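Novice: let's see this in three dimensions:
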Amino acid sequence: MRYLTAGCFALLAAMSSAEAARWDNLKRESCVSPGKRQYSSRLLDAGWSWENDCKATSASLNGRNIGAPNRCDNHGPGGMWGVWFVSDGSCAANWGAPKEDACTAPGRRQISSVIHNIPPGQSWEDACAKTPLTYKGVNVGTPARCVHQGAGGMWGIWDVADSACGAHWDTPKRDKCAGPDKAIVSSIIRDVPSGQSWEDACAQTRLTYKGVDIGTPSRCDNHGIGGMWGVWSEAKDSECVSDDRSAEERTRAQYEADRPSIESKQASMARAFAAAEGIGEEPGLDQTDKIVAKSTDAGRRGLMKRRLDAEGVSVVTLMGGGFGAVVVGYGHAEGFAMKKGASRTAPGAGEWGAYTCKKVWSNTFTAGLALGGGGVMELGEWGGDFDTLAGDTNGVQGSLSLLAVSWGTGAHWNANGTPAGVTVSHGGGAGALDVGVEYVHGWTGVDEADVACDTISWK
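Specialist: Down below sits the predicted model:
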């Protein structure tokens, strides 16, 4: 009985000491893993078993019970310490101030940032891949890629929307007046984003001139190291009272304005011309085959007659000649012109009595290279009459191919600016070059005498 009583007293003493044990102030320590922070405290008023008291005594952190320690560490004379691993959102890697890098595309910019405070147990790569970034108040998510720069740290790279990323025009300048209230305006394009070509930036970027949006350029001129320039052919400008353009500038502007319809008509003419001349089967303008059958005078007369049925065609010409050039291109051609309506002085036989033909010739001068060194046949379709066919014209000569049979195209306007006609030509000579679109000035002569249409010959 004496021993039982002593054991009870010992148990009660132990229980009493356990109930009295408490923790000193918690010490906030470092993060131990993503989302976890270590806290520690020394056990006070412990009883006969420090270990039992440590494991049984709860702690409070900021008024919240965090329970008993995750671990108890006996420091001997330093006492018994409890260690807690407490959830803490601040225990996470975080990004430094974002750095704005270059634009990567229209409306897109690259930004980058170095990652800091990576918790123990997490690799740099994992922290980078899983940590989102807030940029200008917007969560832009985790990086598109991570770049380890060694001593420079781990960097995240993002591609974000940025309206400031886009090509823009420099201050526009008026080059010339194009008529009352109309100006030719030009400007150089600036800040073309990486990943966008100069050509695309020029073609897609709109310009504001004198407070008015005048849209995208009429054309883009690449000046090499001088930059990419946009040109607007008819911008509204109240300071313009007259047309200051040269004949070439006016002609080029007319061509660009009517280009789709001109090219459609030229394609139709080329197909008909090719069939009559025996050049392949319906070739495109730059896809001709070499001549496989010699043309005949009858076939060429028939071609002219059929083309007179095309819409808007009053006179058809078919001329042959030679063209050559070194710096300035010169061409001379001779042939015939045909229109509907009987001739009073030289009527043709049979069906040809319903047509009138005259001998014609032309001289042309271009600023660039001419069609080639060999013979050329040119088909022309014109409005008006023989009288309007004669005289000066201004026009453009289209691109030529490198093929043995080279196609050329032309569009022509009268000296007063009214449409004159459209031409297509082919030549078999060597030396034909792709010269783009060149300005051409021409003069056409028309013989006064009629010739019977069934007798005309190019031989």
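Novice: show me the shaky parts of the stretch 1-150 of the chain.
Specialist: Under the criterion pLDDT under 70, the flagged ranges of the stretch 1-150 of the chain are 1-19.
Novice: for it, which segments are assigned as helices?
Specialist: Here the stretch 1-150 of the chain has its helices, by DSSP state H, counting those that start in this stretch, at 2-20, 50-56, 124-130.
Novice: kindly report the same for the stretch 351-459 of the chain.
Specialist: For the stretch 351-459 of the chain, the helices identified by DSSP H, counting those that start in this stretch occupy 386-389, in order along the chain.
Novice: in it, what residue spans correspond to strands?
Specialist: For the stretch 351-459 of the chain, strands defined by DSSP state E, counting those that start in this stretch occupy the ranges 355-366, 375-382, 391-397, 406-414, 419-427, 438-451.
Novice: would you turn these into a markdown table with distance to Leu43 and mean pLDDT?
Specialist: C-beta: built from backbone N, CA, C; applies to glycine. As requested, these are arranged in a markdown table below (distance: least, CB to CB, whole Å; pLDDT from 0 to 100):
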| stretch | distance to Leu43 | mean pLDDT |
| --- | --- | --- |
| strand 355-366 | 103 | 92 |
| strand 375-382 | 108 | 85 |
| strand 391-397 | 98 | 89 |
| strand 406-414 | 99 | 80 |
| strand 419-427 | 103 | 84 |
| strand 438-451 | 98 | 92 |
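Novice: would CSV of those with distance to Lys36 and mean neighbour count be doable?
Specialist: Compiled in CSV, the strands of the stretch 351-459 of the chain are given as follows (distance: least, CB to CB, whole Å; neighbours: other CB atoms under 10 Å):
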stretch, distance to Lys36, mean neighbour count
strand 355-366, 82, 21
strand 375-382, 86, 23
strand 391-397, 77, 22
strand 406-414, 77, 24
strand 419-427, 81, 25
strand 438-451, 77, 18
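Novice: and of these, who's closest to Ala151?
Specialist: Between Ala151 and those, the shortest separation by CB to CB is 60.8 Å, and it involves strand 438-451.
Novice: point to the residue nearest the middle of this protein.
Specialist: Most central residue of the chain, judged by C-alpha distance to the mean C-alpha position with CA atoms, centre = their mean, is Asp200 at 2.9 Å.
Novice: tell me which element that residue is part of?
Specialist: Using DSSP states H and E, Asp200 falls within helix 198-204.
Novice: can you list the strands of the stretch 351-459 of the chain in a markdown table and add distance to Pro34?
Specialist: Formatted as a markdown table, the entries for these read as follows, by distance: least, CB to CB, whole Å:
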| stretch | distance to Pro34 |
| --- | --- |
| strand 355-366 | 75 |
| strand 375-382 | 79 |
| strand 391-397 | 70 |
| strand 406-414 | 70 |
| strand 419-427 | 74 |
| strand 438-451 | 70 |
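Novice: contacting residues for the residue nearest to the centre of the chain?
Specialist: Asp200 makes contact with no residue under the criterion CB atoms under 8 Å, 6 or more residues apart in numbering.
Novice: ok, it to Cys220 distance?
Specialist: For Asp200, the distance to Cys220 (CB to CB, to the nearest Å) stands at 10 Å.
Novice: re earlier: and the residue nearest to the centre of the chain, what's its pLDDT?
Specialist: Each residue has a pLDDT score; the one for Asp200 is 94.
Novice: give me the next element, helix or strand, following the longest helix belonging to the chain.
Specialist: The helix spanning the most residues in the chain, taking DSSP state H as the definition, is helix 247-277. Sequence-wise, the next helix or strand beyond helix 247-277 is helix 297-307, with elements assigned using DSSP H and E.
Novice: the helix or strand that comes right after the helix holding Asp200 - what's its average pLDDT?
Specialist: Scanning the chain past helix 198-204 towards its C-terminal end, the next helix or strand to appear is strand 207-209 (assignment: DSSP H and E). With pLDDT averaged residue by residue, strand 207-209 scores 96.
Novice: the helix or strand that strand 207-209 is followed by: partners in the sheet, and parallel or antiparallel?
Specialist: Past strand 207-209, further along toward the C-terminus, the next helix or strand under DSSP H and E is strand 212-215. Sheet pairing for strand 212-215, assigned by DSSP bridges, gives strand 207-209 (antiparallel).
Novice: who touches the partner strand?
Specialist: Residues from elsewhere that reach strand 207-209, judged by CB under 8 Å, 6+ apart: 169, 172, 185, 187, 213-217, 230, 232, 235-237.
Novice: off-centre distance for that strand?
Specialist: 19 Å (CA atoms, centre = their mean, to the nearest Å).
Novice: list the buried residues for that strand?
Specialist: Residues of strand 207-209 classed as buried by neighbour count (16 or more other CB atoms under 10 Å): Leu207, Tyr209.
Novice: cool, and stretch 222-230?
Specialist: Buried residues in stretch 222-230, counted by 16+ other CB under 10 Å: Gly227, Met228, Trp229, Gly230.
Novice: quote the end-to-end distance of it.
Specialist: 9 Å (CA to CA, to the nearest Å).
Novice: what do you get for stretch 450-458?
Specialist: For stretch 450-458, the first-to-last residue distance is 16 Å (CA to CA).
Novice: do stretch 195-206 as well
Specialist: 19 Å.
Novice: related to what we said a few turns ago, can I have the buried ones of the contacts of strand 207-209 as a PyMOL selection?
Specialist: Buried members of the contacts of strand 207-209 can be picked out in PyMOL with the line below, counting by 16+ other CB under 10 Å:
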select buried, resi 169+172+185+187+214+217+230+232+235+237
